[in-house]
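# Here is my input; please provide its structure:
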Amino acid sequence: SSSSGGAWTASKSQLLQLAKRLARVTAWLHTKLAQMRVDMANFQLSTLVPYLTQGARAASYERDKFEAARAKGVVGIEDATRWVRETVEALAAAEAGDDKAAAQAWRKSLRVDSKSTRLRVLVHGTVALLERDTALARDAARAAAGEEGALLYPETLRLDAAALTTMQNTLQRVTLVGALSFTLQQILAKAARRNASSARTATATAAAAAAAVPATSSHEALAGITAGSIATLQELRAAMDTWLRSETVSMDDLAVGVESAAHSIAKAKGLPGLLTDADLELLRSAVRSGVSTDNAVFKTLFKRALEYVRTETLRQLASKGDHRDASPAPRGLAHGLGELQTMCARLARLLSHNEAVFAGHYRAMLFAIASEAAAVL
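So this is what the prediction gives:
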């Protein structure tokens, strides 16, 4: 009957919904289990620090644990192999451009066993991971769980996923602070030019000044900082850094804080009431886009930050941590130079240890690529 047919259709629909939910729950459980395995491994390593810090024991211990897990089929090396190959292709393109013969010659050169070459591949490959807008800890867990659609993440860096995610956050925060302060700097420069060419009366200026700072937002403290009291771009950069570190400040809060600070800085510069609706919308748009590369300023500064990390990490690895010839700050990111240098030092130590652990695997991967290149006529 039509009624029984309708009931059967509804029952099928419910079963389909239940099946989809079960699939999502199962995937979530696998991801959480993978994260727990990483956390347990890191905890175990932390309890062995006094023993592992003697000589090369740490690398040997981690290598033995990895190979034991690999022998049991718990972990593989396939994703790391793909990651190294993709990194080599990117480096070959950077080395030779459109010259295919030169690119092939560079691949063949990988046959020579070289620790510096392995470290260079590791640095470039890891910086490519840091460029992602997805948290690497989650990418690592999803890849470990074999989740469908998971992004490529090398097994050899799985235990470092949390540390690399922290580095991602540092890069994004330093770059966003630079992008927003640069945007406001340009807006204030335009306001100053308008002020210089305008024949405003003192009355009009005073009236505009009275409405310059929205009373609803200028006196509200965000993470202990009152945006309406900020008088310079330097103070704003420090405030934004604090806001972006806070777990209680949302992007909407950040937008309110930055806009209030913009009015306050304009007033301190003698430009009260000269920020137009178009100026403020540009600023709001920059905040809304956040760490998206849709924001041209953020995209430019993020590329500079990534290039700095590549260059400075390689320099630190070559100089064994000597900071006397540190790379200069990227343009527009001087405010975050100290953090970037510290991050590069940590990344250099992480990758130096990683190379010591997995040198045998990386050596074999690079030799295979060189052999394939040599076999091409």
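# So, low pLDDT: which residues of the stretch 251-377 of the chain?
321-323, 377 (pLDDT under 70).
# how far out from the middle of the chain is stretch 115-125?
The chain centroid and the centroid of stretch 115-125 are separated by 19 Å under CA atoms, centre = their mean, to the nearest Å.
# pLDDT of it, averaged?
Averaging pLDDT along stretch 115-125 gives 97.
# Could you give me the buried positions within it?
For stretch 115-125, a neighbour-count test (16 or more other CB atoms under 10 Å) marks T117, R118, L119, R120, V121, L122, V123, H124, G125 as buried. Yep, even glycine has a C-beta here, placed from its N, CA and C like the rest.
# Same question for stretch 57-66: list its buried residues.
By neighbour count on 16+ other CB under 10 Å, the buried set for stretch 57-66 is A58, A59, Y61, E62, R63, K65, F66.
# With respect to L159, which of these is nearest?
E62 (7.5 Å; CB to CB).
# how about the closest residue to the closest one other than its chain neighbours, secondary structure?
The spatially closest residue to E62, leaving aside those adjacent along the chain, is V357, at 4.9 Å (CB to CB, 6 or more residues apart in numbering). When classified by DSSP: H, G, I helix; E, B strand; the rest coil, V357 comes out as helix.
# if I pick V357, what's in contact with it?
By CB atoms under 8 Å, 6 or more residues apart in numbering, the residues touching V357 are A59, E62, R63, F66, T156.
# Stretch 329-342: end-to-end distance?
Chord length of stretch 329-342, first to last residue, is 13 Å (CA to CA, to the nearest Å).
# now, which of the contacts of V357 sits nearest V249?
V249 has its nearest neighbour among those in T156, at 36.0 Å by CB to CB.
# A143 versus the closest one, what's the distance?
Distance from T156 to A143, counting by CB to CB, to the nearest Å: 12 Å.
# Check G257 too.
37 Å.
# May I see the buried residues of stretch 273-280?
Within stretch 273-280, the residues that count as buried by 16+ other CB under 10 Å are G273, L274, L275, D279.
# Sorry, wrong one. I was asking about stretch 140-154.
Neighbour-count burial for stretch 140-154 flags A140, A141, R142, A143, A144, A145, E147, A150, Y153, P154 (criterion: 16+ other CB under 10 Å).
# Thank you kindly, that will do.
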